[in-house]
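Asker: here is the input, now give the coordinates:
(one chain, ligands or ions: 2)
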Amino acid sequence: MNLDLFPEQPAPSTEAETQWLSESAVIFRAKASLEAPGILNEIQTLLEHSPLRQMRTPNGKLIAVSMSNCGALGWVSDARGYRYEAQDPLTQQPWPSLPAQIHKLAAQAVREAGFAPLRAEACLINRYTLGVGMGLHQDRDEHDFTAPIVSLSFGLPAIFLWGGLNRRDKTQTIILNHGDILVWGGADRLRYHGIRPLKQGTPPPITHPLINQARINCTLRQAR
Ligand code: MD6
Ligand code: FE
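Answerer: Residues are numbered from 1 along each chain as shown. Ligands and ions are numbered 1, 2, ... in the order given. This is a model prediction of the structure:
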């Protein structure tokens, strides 16, 4: 007898399917799976220079997700506000450069999603451990909201909350699995979104210290 007929979570598809959420938001399922080991190694190396750290909101609250950046600009938050900076405040050095594999996958995804090429100058690296989530927010620290955002997910699956243009709008839940690439912009660019506290779930087909009982998300943005 198959005792796994009704698993709590369906096993993530290893097929490269395309799932449109709207006219200007699309998930390319498992699109980064092949490159995942190489990308995670590159991230691990660059985190030796600009380590993951917990930032504080302008109100002084510790952000649960551990963050770092790569690329020309990095997103930072502290008592002075949310902004993009060319130097890592921790090291006073430029952020590590954006790994070529990430850039290539993001550029391809942007093209396939039908957007104009992106000046992907900022790449925020988020790491979630079990129990860690991200509250509903809008991404509005960038200058040009016509440029889309590309997000790559690795490791444990996460429940992504996809809301509307008002904080109190109803949210849809979308699972982001290992290797998924999400691109959104246009009319969806300022939608509220968040991540439910990370739970144990179907582990990805590869192991890597960065995604051991954890999730890594990289978001690429045109910031200026
Ligand atoms: C995350 N992502 O997936 C958090 N923001 O861990 C985001 O906050 C996000 O995935 C803007 C665009 C895409 C995203
Ligand atoms: Fe966001």
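Asker: contact residues of this structure facing ligand 1?
Answerer: Asn126, Met134, Asp139, Ile149, Ser151, Leu182, His193, Ile195, Asn217, Thr219 (C-beta under 6 Å from any ligand atom). From N, CA and C alone the C-beta is placed, and that goes for glycine too.
Asker: for the fourth one, give me the pLDDT.
Answerer: Ile149 is assigned a predicted lDDT (pLDDT) of 96.
Asker: who does the nearest residue to it once chain neighbours are set aside form a beta bridge with?
Answerer: Using C-beta to C-beta, 6 or more residues apart in numbering and skipping the chain neighbours, the partner closest in space to Ile149 is Arg221 (5.3 Å). Arg221 forms beta bridges with Ala122, as assigned by DSSP bridges.
Asker: neighbours around Arg221, how many?
Answerer: 26 (other C-beta atoms under 10 Å).
Asker: mind checking pLDDT for it?
Answerer: Model confidence at Arg221, given as pLDDT, is 96.
Asker: quick one: it and Ala122 touch, right?
Answerer: Yes - assessed by C-beta atoms under 8 Å, Arg221 is found in contact with Ala122 at 4.8 Å.
Asker: can you give me the buried ones in the longest helix that the chain contains?
Answerer: Secondary structure assigned by DSSP state H gives helix 100-113 as the longest helix of the chain. Using 16 or more other C-beta atoms under 10 Å as the test for burial, helix 100-113 gives Gln101, Ile102, His103, Leu105, Ala106, Ala109, Val110, Ala113.
Asker: try stretch 148-156
Answerer: Those would be Pro148, Ile149, Val150, Ser151, Leu152, Ser153, Phe154, Gly155, Leu156, for stretch 148-156 by 16+ other C-beta under 10 Å.
Asker: just the CA coordinates of the helix or strand encompassing the fifth one, formatted as CSV?
Answerer: Leu152 belongs to strand 149-155 when elements are defined using DSSP states H and E. Output in CSV follows, covering the C-alpha atoms of strand 149-155 (Å, rounded to 0.1, in the frame of the first residue of the first chain):
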residue,chain,number,x,y,z
ILE,A,149,12.9,41.9,-9.6
VAL,A,150,14.4,38.4,-10.0
SER,A,151,14.4,35.9,-7.1
LEU,A,152,16.3,32.6,-6.9
SER,A,153,15.5,30.1,-4.2
PHE,A,154,17.6,27.3,-2.9
GLY,A,155,17.2,24.7,-0.2
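Asker: name the strands paired with that strand and say parallel or antiparallel.
Answerer: According to DSSP bridges, strand 149-155 forms sheet pairs with strand 181-184 (antiparallel), strand 214-221 (antiparallel).
Asker: average pLDDT for the first one?
Answerer: Think strand 181-184. If you average the pLDDT over strand 181-184, you get 98.
Asker: show residues contacting that strand.
Answerer: By C-beta atoms under 8 Å, 6 or more residues apart in numbering, the residues outside strand 181-184 that reach it are 21, 24-28, 31-32, 105-106, 109-110, 113, 115, 148-153, 160, 176, 191.
Asker: which intervals of this protein have sub-threshold pLDDT?
Answerer: Low-confidence segments of the chain (pLDDT under 70): 1-11, 13.
Asker: do a quick rundown of the helices in it.
Answerer: 36-46, 100-113.
Asker: can you list the ones you listed in CSV and add distance to Gln200?
Answerer: Converted to CSV, those look like this (distance: least, C-beta to C-beta, whole Å):
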stretch, distance to Gln200
helix 36-46, 20
helix 100-113, 27
